[in-house]
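> coords please:
(3 chains)
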Amino acid sequence: MKETFFRTMTWLHTWVGLLVCWVLLLVFFAGTLSYYRYEISLWTQPELHKEVFQDYEKGQLKAQLTQAQAYLAQHASDAKDWRINFPTERKPYLSYGWQTQPEPGQRRGEFIEHIVKTDGKGVITDTRDSRGGHFFYRLHFDLHYMPANIARWIVGFCTMFMLLALISGIVIHKRIFKDLFSFRRNKGSRSWLDAHNVSSVLALPYHLMITYTGLITLMLIYMPWGVLTAYDGDARAFRAELKPSRVQVKPTDIPAEMIQIDTLLPKVKGFWGDVPLKQVVISNLNDKNSRVSFYQNTQQSVTDKRTPLIFSGTDGKLLSDTPVAPSATHVTHDTLMSLHTARFAKPVLRAFFFICGIMGCAMIATGTLLWAIKIRQKQQKKIKNGVKATLGLRLVEGLNLTFIAGLPLATCSFFYANRILEKTMENRAQWEINSFFIALTLVALLACFNRGQTSWRLVLRLSAAGLIAIPVLNALTSNSHLISNINEQQWALVGFDLTCMLFGGALWFASNKLRDSTNLAKVKQPTTQGSQLSQTVKEGV
Amino acid sequence: MAFVNFKWREQLSKPSFDIFSRSLAAIFGGYLVAATACGLLALALPLPVAESVLTAMMLSFALYAIAALWAFSVKRSRQAWRDLLCISTIFYLLILLLG
Amino acid sequence: MISNSMTLSLLTFSYLALGCMALAMFSHFRDTFKRSPTPAQSRGLYWTGWGILTLSYYLGIRYLGFAYGSILFTGILSFAGLLVILTASYQPKHLPHLMAGSSSLGVALMFIG
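Here you go, the predicted structure:
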């Protein structure tokens, strides 16, 4: 459509990127935070910070199971199912959970979790109502305030745009390896372009992987057509063949005595050896069709072997097929899925995933900032003569301020709401989430009036101050603090506090930088040397 | 009558209409190609059924991306529509033939 | 904890390798050493960089398994690249010193871990 393929790709990269970049930024941001989903959840439940954390002890298993069964039989005899969660690296506590019988018309009941103290006797039942890290995880593909299926289509649409933006970006960045290490600082829009290139190229494998696997995780929604032709649209049959262990058996309504779960442990050991267990799920309680499923903690393995061992709950016979080696296709699919969620990643690799996620956010943010700067340059003469900037430019600049500077502030206000709101408040978890969006809306309102440096600095400094003060907030509103957590080696909590401080510091630094040289609204003219890249951007615009 | 006086031919050859038409072709035509290809591959791949469905679904997004890029790189927007619709019709007929 | 010190030493080697590759480029070499590189120097640095990269990738998959090692190595590369870019643009004079320092740290970690 343009004169050359190259120019077409430049045009496509600009517009495809620009149209959806704010949704993508939200998705990337929330997705990056969900790498630390359980750690965030731990922090948002200060009730658990004392006398709860323990390591997995295989010698304790038998006692823990016996005790769990007794406790659940006493407190949750009419539940839909029971879950006994053993301590893992990222959820370092033992808990008994159950799902209540669903109300008529609902698919699922309410999930209740009681956490066991380290002394093995006390149980914590009054944790505050909070979604914690789970909020960010859901936000990342279900958005909020809208039906999940619509949100997933929106996110999928934007992801497809992202894929196109990445491919066209690779095509137009001809000097991809030549310019690999160049970052020219304090050069106005050139620096922004370099920052965009650096954050894109360095983490390019990650960006491509996360985008494509993101589509794959929800492909049953986006591309169900294979199931339609090969299974005549029977998605349930397909899922049953894909994951036989996920098929739920119906209760027979014939009451039957349950066995002692701990008597199954030797059998489990016979199949799996000494691998650590993650969870035991008991379904169809006191029924002839009751089932006891053991899940192992797969830790480091990249392919996801979540095949459980399923026993009958009445006679203890093994019901699941002995595991067969999965086919190459299944392994590929599992690998792609777990690459997206990074569920296998140990702390160091998890940190790298997190850093790459941040680079993704930076790529999106610098891309749209760059667009706004270029357009403002183009209109500079007119703006000097008193003509207003065009609506498109004002809109983009406003959305940039709202999402780039607003998201950290919103996250910050989520954490503050988590600690400050009354514990007994009605709809407490929802109000934490509301506070996230209220902060975002306030920034958007500010952006309606002023999109200049002052606003940027104000918002960045607010969130910087808030984030730096997070350890103080934690010390004031929970029964532990940074020092005591270091002493007790609670690295998840320590890491949360320190990461917040680090990001607060970075935002403060950025707000100072804004004042010094790289003015967002007033940009130095690009130098003539090596202007090929800026040329490509201009063509795109 | 504004409707009669409206210069259809002129409007349709404007660059803005061209871009609009290509975008629609990329989004909907591209999806059609990906969807029919997915349905076809699920039937035609020489693998056990569940596996070929999985493979077809995993590949379909790459096909979608290629189709969308195709819609933007051909000379005229009409050609984009023609290509994408032709390919998906062929795929659909093959599905009918195999299924 | 063997994998953590292993990871860190892989990071330092990647830093060294990518640093070599950056120095193989004309502008970075000039910023760092205040003179132009000879073509032989450029080529030498470039292939040294590739050599070290290949070696550390081999070490990675040798000790951590092919799948996990490959994924981790990609992450390490991204991060090491970021560090090289930051050094090369803000402290070009100290790039060689940091490369030497980090790789000796990496060797030490290999022996300790």
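> Okay, now the unreliable bits of chain B?
For chain B, applying pLDDT under 70 flags the ranges B:1-13.
> Now name the helix or strand holding whichever residue of chain A sits closest to chain B.
When distances are taken as Cβ to the nearest Cβ, chain A reaches nearest to chain B at residue A:226, 3.2 Å away. From N, CA and C alone the C-beta is placed, and that goes for glycine too. With secondary structure defined by DSSP states H and E, residue A:226 is part of helix A:225-230.
> most residues in a single helix of chain B, which one?
helix B:49-73 (DSSP state H).
> how about it: buried residues?
Within helix B:49-73, the residues that count as buried by 16 or more other Cβ atoms under 10 Å in any protein chain shown are B:49-61, B:63-65, B:67-73.
> can you list the residues of chain B near chain A?
Residues of chain B found near chain A (Cβ under 8 Å from any Cβ of the partner chain) are B:18-19, B:22, B:34-36, B:38-43, B:47-58, B:60-62, B:64-65, B:68-69, B:72-73, B:75, B:77, B:95, B:99.
> For chain B, what's the nearest residue on chain C?
Counting by Cβ to the nearest Cβ, chain C gets nearest chain B through residue C:67, at 17.7 Å.
> Might one say that that residue is in contact with residue A:334?
No. Using Cβ atoms under 8 Å as the test, residue C:67 is too far from residue A:334 to be in contact (11.0 Å).
> hey, where'd the helices end up in chain C?
Applying DSSP H to chain C gives helices spanning C:2-23, C:26-33, C:39-64, C:66-90, C:95-112.
> Out of those, which is the most enclosed?
helix C:2-23 (a mean of 23; mean count of other Cβ atoms under 10 Å in any protein chain shown).
> close to chain B, is stretch A:16-35?
No. Using Cβ under 8 Å from any Cβ, stretch A:16-35 stays clear of chain B, with a minimum separation of 9.0 Å.
> List the buried residues for that stretch?
Burial within stretch A:16-35, assessed by neighbour count using 16+ other Cβ under 10 Å, is assigned to A:16-18, A:20-35.
> Sort out for me which of those residues are in helices.
A:16-18, A:20-33.
> of those, list those near chain C.
Counting by Cβ under 8 Å from any Cβ, no member of these reaches chain C.
> Mind telling me what element residue A:310 is part of?
strand A:309-312.
> Tell me the confidence at the closest residue to residue C:18 other than its chain neighbours?
Nearest residue to residue C:18 in three dimensions, chain neighbours excluded: residue C:84, at 4.5 Å (Cβ to Cβ, 6 or more residues apart in numbering or on different chains). pLDDT recorded at residue C:84 is 93.
> these two touch, right, residue C:84 and residue C:16?
No. Because the distance of 9.4 Å does not satisfy Cβ under 8 Å, residue C:84 is recorded as not touching residue C:16.
> Tell me the residue of chain B that sits nearest chain A?
residue B:42 (3.2 Å).
> For the helix or strand harbouring that residue, which helices and strands make contact with it?
Using DSSP H and E, the element containing residue B:42 is helix B:30-44. The elements that helix B:30-44 packs onto, with contact taken as 3 or more Cβ pairs under 8 Å, 6 or more residues apart in numbering or on different chains; DSSP states H and E, are helix A:225-230, helix B:49-73, helix B:77-98.
> nearest to residue C:76, of those helices?
Among these, the nearest to residue C:76 by Cβ to Cβ is helix B:49-73 (27.2 Å).
> For the residue of chain B closest to chain A, which residues are in contact?
Residue B:42 makes contact with A:225-227, A:229-230, B:49, B:52-53, B:56-57, according to Cβ atoms under 8 Å, 6 or more residues apart in numbering or on different chains.
> Now with 7 Å, please.
Residue B:42 makes contacts with A:226, A:229-230, B:52-53, B:56, as judged by Cβ atoms under 7 Å, 6 or more residues apart in numbering or on different chains.
> now do residue A:87
A:54-56, A:93-94.
> Tell me the one of these nearest residue C:89?
The closest of these, once distances to residue C:89 are taken by Cβ to Cβ, is residue A:55, at 44.1 Å.
> Phi, psi for the closest one please.
Backbone dihedrals for residue A:55, given as degrees, to the nearest 10, come out at phi -90, psi 160.
> And the pLDDT for it?
87.
> list the contacts for residue 56?
This is for chain A. A:86-88, A:276 are the contacts of residue A:56 under Cβ under 7 Å, 6+ apart.
> right idea, wrong chain: chain C
C:10, C:13-14, C:17.
> Quick one: residues contacting the closest residue to it other than its chain neighbours.
Excluding its sequence neighbours, the residue lying closest to residue C:56 (Cβ to Cβ, 6+ apart) is residue C:13, at 4.1 Å. Contact analysis of residue C:13 by Cβ under 7 Å, 6+ apart lists C:52, C:56, C:103, C:106.
> go with 10 Å
Applying Cβ atoms under 10 Å, 6 or more residues apart in numbering or on different chains to residue C:13 gives the contacts C:52-53, C:55-57, C:59-60, C:76, C:80, C:102-103, C:106-107, C:110.
> Assign residue A:278 to helix, strand or coil.
strand (DSSP: H, G, I helix; E, B strand; the rest coil).
> ok, back up a step: quick one: the helices of chain C as a markdown table, columns for distance to residue A:259 too.
As requested, these are exported to a markdown table (distance: least, Cβ to Cβ, whole Å):
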| stretch | distance to residue A:259 |
| --- | --- |
| helix C:2-23 | 40 |
| helix C:26-33 | 69 |
| helix C:39-64 | 41 |
| helix C:66-90 | 38 |
| helix C:95-112 | 50 |
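> Next, count neighbours for residue A:62.
Here the number of neighbours of residue A:62 (other Cβ atoms under 10 Å in any protein chain shown) works out to 15.
> can you tell me the helix or strand for it?
Short version, using DSSP H and E: residue A:62 is in helix A:61-75.
> tell me which strands and helices that helix is in contact with?
Other elements packing on helix A:61-75 under the criterion 3 or more Cβ pairs under 10 Å, 6 or more residues apart in numbering or on different chains; DSSP states H and E are strand A:81-85, strand A:95-99, strand A:111-116, helix A:265-272, strand A:277-283.
> Point me to the helix or strand that includes the residue of the stretch 351-500 of chain A found nearest chain C.
Residue of the stretch 351-500 of chain A nearest chain C, by Cβ to the nearest Cβ: residue A:352 (3.0 Å). Per DSSP H and E, residue A:352 falls inside helix A:347-384.
> Also compute the angle for the helix or strand just after that helix relative to helix A:347-384, please.
As assigned by DSSP H and E, the chain's next helix or strand after helix A:347-384 is helix A:391-400. Orientation of helix A:391-400 against helix A:347-384 (axes from the mean of the first three to the mean of the last three Cα atoms, to 10 degrees) gives an angle of 150 degrees.
> Buried residues, helix A:391-400. List them.
For helix A:391-400, by 16+ other Cβ under 10 Å, it's A:393, A:396-400.
> what does it rub up against?
Counting by Cβ under 10 Å, 6+ apart, helix A:391-400 makes contact with A:18, A:21-22, A:25, A:365, A:368-369, A:371-376, A:378-379, A:383, A:388-390, A:406, A:443-452, A:455-456, A:520-521, all of which sit outside it.
> need the next SSE after it, C-terminal direction.
helix A:406-420.
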